[in-house]
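1. Let's see this in three dimensions:
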Amino acid sequence: MDQFSLYFTIGRDHILDLSQGLDHILYVIALTASVRPSEWKKILILVTGFTIGHSVTLALATLGIISVPSGLVEFLITLSIFITALLNLFQGEKQPGDNIYVQYGITLFFGLIHGLGFSNMLRALLSGADDIVFPLFAFNIGLEFGQIIVVAIFAFLAFLATEKAKVNRRDWKMVLSSMIAGMAILLIQERFHLIFE
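-> Okay, the predicted model is just below:
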């Protein structure tokens, strides 16, 4: 396996692995839970905001330009999941501020936090390596591919539930967001002590 394929696969599998990537999967689902599957442009805008955010901090942290304690990052990631799910629950049919730019800004900011989390794994893999730019690029592309798979699967399930099974879209969003918020609370409790390490 060549270097690109190796790091691409590691990035993709990191997102799709429920033991390693559950927090990122939960965030992406919470992010897209309030958007109709037919609103693919809106989904694309939000996911792009998340991608830009985490790509920036993934690169900066992996290259050693910025450094944030990993325990704090892990805690903030779970907090971002909870806040996103909470926004879904309290906005009803509206989006935050009913403005795509507000949503984009929030998503971009949370992407910055998630990128720091991705960098922890990649830095461990690249420890002592001479060339980290190419592996960084391949890893990031792998992350994006995994993220697209998650969004596609979730959009398909949302389509089946709301369009075929005729589940009320608001009920779908509220139940899903409540479940994600509950899981995020458990993760917050589990990771709270990491802030002080």
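
2. can you pull the pLDDT of the residue in the chain sticking out farthest from the centre?
-> In the chain, the residue that sits farthest from the middle, by Cα atoms, centre = their mean, is residue 130; the gap is 29.0 Å. The model reports residue 130 with a pLDDT of 76.

3. Which helix or strand contains it?
-> Per DSSP states H and E: residue 130 is located in neither a helix nor a strand.

4. now the residue most central in space within the chain: how far from residue 164?
-> Centroid-nearest residue in the chain: residue 24, 3.8 Å away (criterion: Cα atoms, centre = their mean). With the distance defined as Cβ to Cβ, to the nearest Å, residue 24 ends up 28 Å from residue 164. (C-beta placed from N, C-alpha, C; glycine too.)

5. and if you look at residue 82?
-> From residue 82 to residue 164 the distance is 30 Å (Cβ to Cβ).

6. Looking at the two, which is more packed in?
-> More crowded of residue 82 and residue 164, by other Cβ atoms under 10 Å: residue 82, with 20 against 8.

7. show me what contacts the more buried one?
-> Residue 82 makes contact with 181, 184-185, 188 under the criterion Cβ atoms under 8 Å, 6 or more residues apart in numbering.

8. same thing with residue 73?
-> 113, 116-117, 120.

9. where exactly do the helices run in the protein?
-> For the chain, the helices defined by DSSP state H cover 3-16, 18-32, 40-62, 70-90, 100-125, 133-159, 169-191.

10. so which of these comes closest to residue 197?
-> Shortest separation from residue 197 across the helices of the chain is recorded for helix 70-90, at 4.6 Å, computed as Cβ to Cβ.

11. what's the angle between the closest one and helix 100-125?
-> If you take axes from the mean of the first three to the mean of the last three Cα atoms, to 10 degrees, helix 70-90 sits at 150 degrees to helix 100-125.

12. Let me see the mean pLDDT of helix 70-90.
-> The model assigns helix 70-90 a mean pLDDT of 94.

13. Buried residues of it, list them for me.
-> By neighbour count with 16 or more other Cβ atoms under 10 Å, helix 70-90 contains the buried residues 70, 72-89.

14. same thing with stretch 137-155?
-> Across stretch 137-155, burial judged by 16+ other Cβ under 10 Å covers 137-144, 146-147, 150-151, 154-155.

15. and the gap between residue 15 and residue 116?
-> From residue 15 over to residue 116 (counting by Cβ to Cβ), the distance is 15 Å.

16. Kindly apply the preceding question to residue 169 instead.
-> To residue 116, residue 169 is 33 Å away according to Cβ to Cβ.

17. who's more crowded, these two?
-> residue 116 (24 against 17).

18. OK, contacts around the more buried one?
-> Counted by Cβ under 8 Å, 6+ apart, residue 116 has contacts 57-58, 61, 66, 68, 73.

19. make it 6 Å
-> With contact taken as Cβ atoms under 6 Å, 6 or more residues apart in numbering, residue 116 is in contact with 57, 61, 68, 73.
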